[in-house]
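>>> quick one, fold the following:
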Amino acid sequence: MKGKSCWMSLVLVAALAAACARPTPEPAFWMEPCPNLPPETPQPTQVSEILEKLPFIPADTPVEIGDWIVRVGNLRWTYEYFDSYTGKPVRSECPWLSFEWEYRRKHADEGSVNPLFLTGSGPATLGIRLYLGIDHFRGSDAFVEREAWDPDPERKGEVGEGYRCRCFVHVRPEWSPRWLVIEASRPVGGLLIPIPITLSDPIARVEVPPPPPAPKR
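Numbering: from 1, shown residues only. Sure, this is the predicted structure:
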């Protein structure tokens, strides 16, 4: 009887060890917490008064803006997107604004040099951010299907240079998302400006659909 008890104990110990050694199964999806504004968020400065003077461009339509052809399309809200890096969906109780962002350069832009002030600037680039009704901007939190075009990898500012991606901006609905704002940026530096800076100006905006109600749990 004693030998049988020892044998049963060994079996239980082996079964317990096997169970502990078995890897914990990964979840079928990842949960992303709702975003928070950074602590250094400045006080409202009525940025909307400046942005309201910008021209609207239609969604899903290529539009010429200065030296660029841009397109912002397929705007929609989603509570889930597929992360190709992890190979799993990402979900949240707060929505992402999903949209396609694409731009292409029409004319060459090699920047400029000012020999009098020993300064210079690089070629301009475009960016896009979501403006919230609380006078705050949010950039994209995730990108998929990214692609860049550069006819001459050794140089920037070439005709045809461009970029395309699907972007996701994570927000809380109470932040009142309003517009996607397109900005033109140009790096500036030189002997009189030892630390390179980037000058950025908003040039156009796209209307954003209102966020959907929270999904039922």
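>>> excluding chain neighbours, what is closest to W68?
Leaving aside its chain neighbours, W68 sits nearest to Y103 (5.3 Å; criterion: C-beta to C-beta, 6 or more residues apart in numbering). C-beta: built from backbone N, CA, C; applies to glycine.
>>> am I right that the one you found is in a strand?
Yes: the assignment for Y103 (DSSP: H, G, I helix; E, B strand; the rest coil) places it in a strand.
>>> would you check how far apart the residue minimising distance to the centre of the chain and G120 are?
Centroid check for the chain by C-alpha atoms, centre = their mean gives S140 as the closest residue, at 1.6 Å. Note on S140: its distance to G120, by C-beta to C-beta, to the nearest Å, is 29 Å.
>>> what of V63?
Distance from V63 to G120, by C-beta to C-beta: 30 Å.
>>> same thing with E145?
From E145 to G120 the distance is 34 Å (C-beta to C-beta).
>>> what about these two, which has more around it?
G120 (16 against 10; other C-beta atoms under 10 Å).
>>> coming back round to it: I'd say the residue nearest to W68 and Y163 touch.
Yes: in terms of C-beta atoms under 8 Å, Y103 counts as a neighbour of Y163; the distance is 6.0 Å.
>>> would you map the strands across the protein?
30-31, 63-65, 68-83, 88-105, 112-114, 119-121, 125-132, 136-138, 142-149, 162-170, 177-190, 197-207 (DSSP state E).
>>> just checking: what are the partner strands of the longest one?
Same thing as strand 88-105. Looking at strand 88-105 with DSSP bridges, its partner strands are strand 30-31 (parallel), strand 68-83 (antiparallel), strand 162-170 (antiparallel).
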